[in-house]
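Trainee: Sequence first, then the predicted structure:
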Amino acid sequence: MRRHIGFGTKAVHVGSEPDHTGAVTPPIYLSSTFKQPDATMSGKYIYSRGANPTRERLEKSIASLEEAKYALAFSSGMAAIDAVLRMLKPGDHIIALDNLYGGTLRLLKDLNNRYNIKVTFTDLTNLENLEKAITPETKMVFLETPSNPLLKIVDIKEVSRRAHEKGLIVVVDNTFATPYNQRPLTLGADIVIHSLTKYLSGHSDIIGGAVALNNDEYYEKIYFNRVSTGGILSPFDSWLTLRGIRTLHLRVERHNYNAMKIAEYLANHEKIEKVYYPGLKEHPGHEVAKRQMITPKGEPGYGGMVSFKLKADLKNTIKFLNSLRIITLAVSLGGVESLIHAPITGIYRHMSKEEVGKMGITENFIRFSVGVEDVEDLIGDLEQALRKID
């Protein structure tokens, strides 16, 4: 018998243990405040902005899946990122991947402009760029891998090794990979961030975020920031996310399978200019992804996100998107249903065409969150829509 329980067993059971009533499905503790045993206010739970039993169960589950000592749940992924960045002070310097989620880019630029926390955006797939960007004021390296939406792959282990030689904190947004495909803390990262809105909840019905880590000092700072700013996840959303996690391993296996099939289909289609998917051998980060994106089964898991460029102008790109019948035209990702959109009309619509163009996001660029439907139906839907464009 193996000494440690597997990922699927942890997903189903950790945080969802029956309570004193024997309820197999954990209850939701909606109370904002808790009766104290005495006037010293010494109860474990006092006020739900600090701690709540339902949210605590979710945090226990996330920590288990990320192989972390601690986890903290937030009202959104951006609230989680904000709490981590609040560890810094004016004059500090961040090195960030040049391709990040638009909301993260916006927040980092705001820190740069208003709070004198300097940010250098650079391509961290080239490790020499990391070395060149480090200054005496550098305190943190912030990255996504795979990145949103270009699916860049950064070598977490090597970035962490080089960053730690300089005493830097390494933060990895693991939303696209999920802990099923990748566990950054085991590769040397200090802090892992998730948008719970995506794969961990998995049903497009909550907004949430999380941080997972092992360092006691960082945990205390981030916990203080959450209590102070109030960006907590509600008990009901915590319960929904915990319910979603119980099928995470099953869903991600299907996401991985479907996305690989669709990436291969698109890569061989005459109306597709380029496909971005780390599972394809021609992807520049394939070898790194093959090494660090490893499922609990010991096999590579490249995730459920596929980006691609059509051989089309904006008019035909919109025509393609409007022609889809099964795949839903919507922002966000990680739900059981397939979602698709053109980022230039989504989170990046407030940026200039030149700015997004430098990032490689063009009018014909599509981001596709591949769901768990029958892959033959998804391919059929793509095919009939592709036939509609000139």
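Mentor: Everything's here; your move.

Trainee: I'd like the distance between the nearest residue to residue 44 once chain neighbours are set aside and residue 112.
Mentor: Distance criterion Cβ to Cβ, 6 or more residues apart in numbering; nearest residue to residue 44, sequence neighbours excluded, is residue 51 at 7.3 Å. In short, each C-beta sits where N, CA and C put it, glycine included. Distance of residue 51 to residue 112, given as Cβ to Cβ, to the nearest Å: 34 Å.

Trainee: again, but for residue 21
Mentor: 51 Å.

Trainee: More neighbours: the two, which one.
Mentor: When neighbours are counted by other Cβ atoms under 10 Å, residue 112 comes out ahead of the other of residue 21 and residue 112, with 17 against 7.

Trainee: Under a three-state scheme, what state does the more buried one occupy?
Mentor: helix (DSSP: H, G, I helix; E, B strand; the rest coil).

Trainee: what's it in contact with, if anything?
Mentor: Neighbour list for residue 112: 118, 119 [criterion: Cβ atoms under 8 Å, 6 or more residues apart in numbering].

Trainee: Nearest to the spatial middle of this protein, which residue is it?
Mentor: A centroid search over the chain (Cα atoms, centre = their mean) returns residue 175, at 1.3 Å, as the residue closest to the centre.

Trainee: That one touches residue 201, doesn't it?
Mentor: No. Counting by Cβ atoms under 8 Å, residue 201 is not a contact partner of residue 175; they are 11.4 Å apart.

Trainee: Break the protein down into its structural domains.
Mentor: 7-245, 248-386 (automatic domain parsing).

Trainee: for this protein, what spans make up the helices?
Mentor: Counting by DSSP state H, the chain has helices at residues 7-13, 53-65, 77-85, 102-114, 127-133, 156-165, 178-181, 216-229, 235-245, 248-267, 286-292, 314-323, 353-358, 375-386.

Trainee: Same list (these) but as JSON lines, adding mean pLDDT and distance to residue 273.
Mentor: Output for these, formatted as JSON lines (pLDDT from 0 to 100; distance: least, Cβ to Cβ, whole Å):
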{"stretch": "helix 7-13", "mean pLDDT": "97", "distance to residue 273": "37"}
{"stretch": "helix 53-65", "mean pLDDT": "98", "distance to residue 273": "37"}
{"stretch": "helix 77-85", "mean pLDDT": "98", "distance to residue 273": "30"}
{"stretch": "helix 102-114", "mean pLDDT": "90", "distance to residue 273": "22"}
{"stretch": "helix 127-133", "mean pLDDT": "98", "distance to residue 273": "26"}
{"stretch": "helix 156-165", "mean pLDDT": "98", "distance to residue 273": "30"}
{"stretch": "helix 178-181", "mean pLDDT": "98", "distance to residue 273": "27"}
{"stretch": "helix 216-229", "mean pLDDT": "97", "distance to residue 273": "42"}
{"stretch": "helix 235-245", "mean pLDDT": "98", "distance to residue 273": "35"}
{"stretch": "helix 248-267", "mean pLDDT": "98", "distance to residue 273": "10"}
{"stretch": "helix 286-292", "mean pLDDT": "98", "distance to residue 273": "19"}
{"stretch": "helix 314-323", "mean pLDDT": "96", "distance to residue 273": "11"}
{"stretch": "helix 353-358", "mean pLDDT": "73", "distance to residue 273": "15"}
{"stretch": "helix 375-386", "mean pLDDT": "98", "distance to residue 273": "12"}
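
Trainee: Of those, flag the one that's most buried.
Mentor: helix 178-181 (a mean of 28; mean count of other Cβ atoms under 10 Å).

Trainee: Return the list of helices and strands in contact with it.
Mentor: Secondary-structure packing of helix 178-181 (3 or more Cβ pairs under 8 Å, 6 or more residues apart in numbering; DSSP states H and E): helix 53-65, helix 248-267.

Trainee: The shortest one relative to helix 235-245, how many degrees between them?
Mentor: Computed with axes from the mean of the first three to the mean of the last three Cα atoms, to 10 degrees, the direction of helix 53-65 lies at 30 degrees from that of helix 235-245.

Trainee: got the contact list for helix 53-65?
Mentor: Under Cβ under 8 Å, 6+ apart, the answer for helix 53-65 is 7, 10-11, 14-16, 26-29, 45, 48, 68-73, 179-180, 194, 200, 210, 212, 232-233, 235-236, 238-239, 241-242, 245, 248.

Trainee: likewise the longest one?
Mentor: For helix 248-267, the external contacting residues (Cβ under 8 Å, 6+ apart) are 7-8, 11, 65, 178, 180-181, 199-200, 202, 272, 275, 277, 279-280, 282, 295-296, 301-306, 308, 336, 368, 370-373, 375, 378-379, 382.

Trainee: now do stretch 233-242
Mentor: 15-16, 26, 28-30, 48, 52, 54-55, 57-58, 61, 73-75, 196, 200-201, 203, 205-209.

Trainee: Can you check what pLDDT the model gives the nearest residue to residue 219 once chain neighbours are set aside?
Mentor: Here the nearest residue to residue 219 in space, its sequence neighbours aside, is residue 70; by Cβ to Cβ, 6+ apart that works out to 4.5 Å. pLDDT recorded at residue 70 is 98.

Trainee: list the contacts for residue 70?
Mentor: Residues in contact with residue 70 (Cβ under 8 Å, 6+ apart) are 59, 63, 212, 213, 214, 219.

Trainee: any idea how far it is from residue 185?
Mentor: Taking Cβ to Cβ, one finds residue 70 at 11 Å from residue 185.

Trainee: Same question for residue 240.
Mentor: Applying Cβ to Cβ to residue 240 and residue 185 gives a distance of 25 Å.

Trainee: Same question for residue 276.
Mentor: 26 Å.

Trainee: same question, residue 202
Mentor: From residue 202 across to residue 185, the span is 22 Å (Cβ to Cβ).

Trainee: Of these two, give the one with the bigger neighbour count.
Mentor: Using other Cβ under 10 Å, the more surrounded residue of residue 202 and residue 185 is residue 202, with 27 against 24.
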